[in-house]
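J.: Structure for this input, please:
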Amino acid sequence: MPLAPFRSMGALAHRLTTPLLMIAAMGAAAPAMAEGAPAGCTGPVSPHWINVVVEDVRNDNGQIAITLYADDSSKFLVKHGSLYVGRTKAVAGTTNTCIYLPKNGVWVLALYHDENANGKFDLTSFKMPAEGYGFSNNPPTLLGLPTFNSVRINIARDGMTSHIKMKYP
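T.: Residues are numbered from 1 along each chain as shown. Down below sits the predicted model:
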């Protein structure tokens, strides 16, 4: 870039520094959105989040997938019905993680232990779960999928904790 249009190096420095300061200021604002959230939260960054304690994790293989659903029964467990899926490394016994929320309110969490890390919830040839799973509020699942009302969780403030027990086939 020719220097002729600038009267001095100070003017050049000013023209270069001002955009850099603006970029730095924008970058500095992003972490403030998630202030207070633990490191490693998953999902799109937001000022709202919930801690998730995943209990009874069988092993360290793969990852724990946390699916967030809005408070809408017509979208619960249907293809493309979730808002997003966050993932965290599985830790045998208890996996501690958190997920960002678009806002505080009523949500549903559905988890599975993606032991082979293939990015999907594997089923047997009989369409039964082949991997561990769990839901917010730990509803019974012996007779099939839980009801929508049994898995709704009211997240009234940031930093609340939900304990979810994994169930394995």
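
J.: Can you pull the domain assignment for this structure?
T.: Following automatic domain parsing, one finds the domains of the chain at 1-33, 48-165.

J.: right, so the ones you listed: which one is the most enclosed?
T.: Counting by mean count of other CB atoms under 10 Å, domain 48-165 has the highest mean neighbour count of the domains of the chain, with a mean of 16. Backbone N, C-alpha and C define where each C-beta goes, glycine included.

J.: would residue 149 count as being in a helix?
T.: Yes - assessed by DSSP: H, G, I helix; E, B strand; the rest coil, residue 149 belongs to a helix.

J.: Tell me which of the domains of the chain sits nearest to residue 40.
T.: domain 48-165 (6.6 Å; CB to CB).

J.: Next secondary structure after the helix or strand bottoming out on mean pLDDT in the chain?
T.: Ranked by mean pLDDT, DSSP states H and E, the helix or strand of the chain with the weakest confidence is helix 9-33, at a mean of 40. Counting by DSSP states H and E, the next helix or strand C-terminal to helix 9-33 is strand 48-57.

J.: Name the strands paired with that next one and say parallel or antiparallel.
T.: strand 93-101 (antiparallel), strand 160-165 (parallel) (DSSP bridges).

J.: so how far is that strand from its chain's centroid?
T.: Centroid displacement of strand 48-57 relative to its chain, using CA atoms, centre = their mean, to the nearest Å, is 10 Å.

J.: All set now, cheers.
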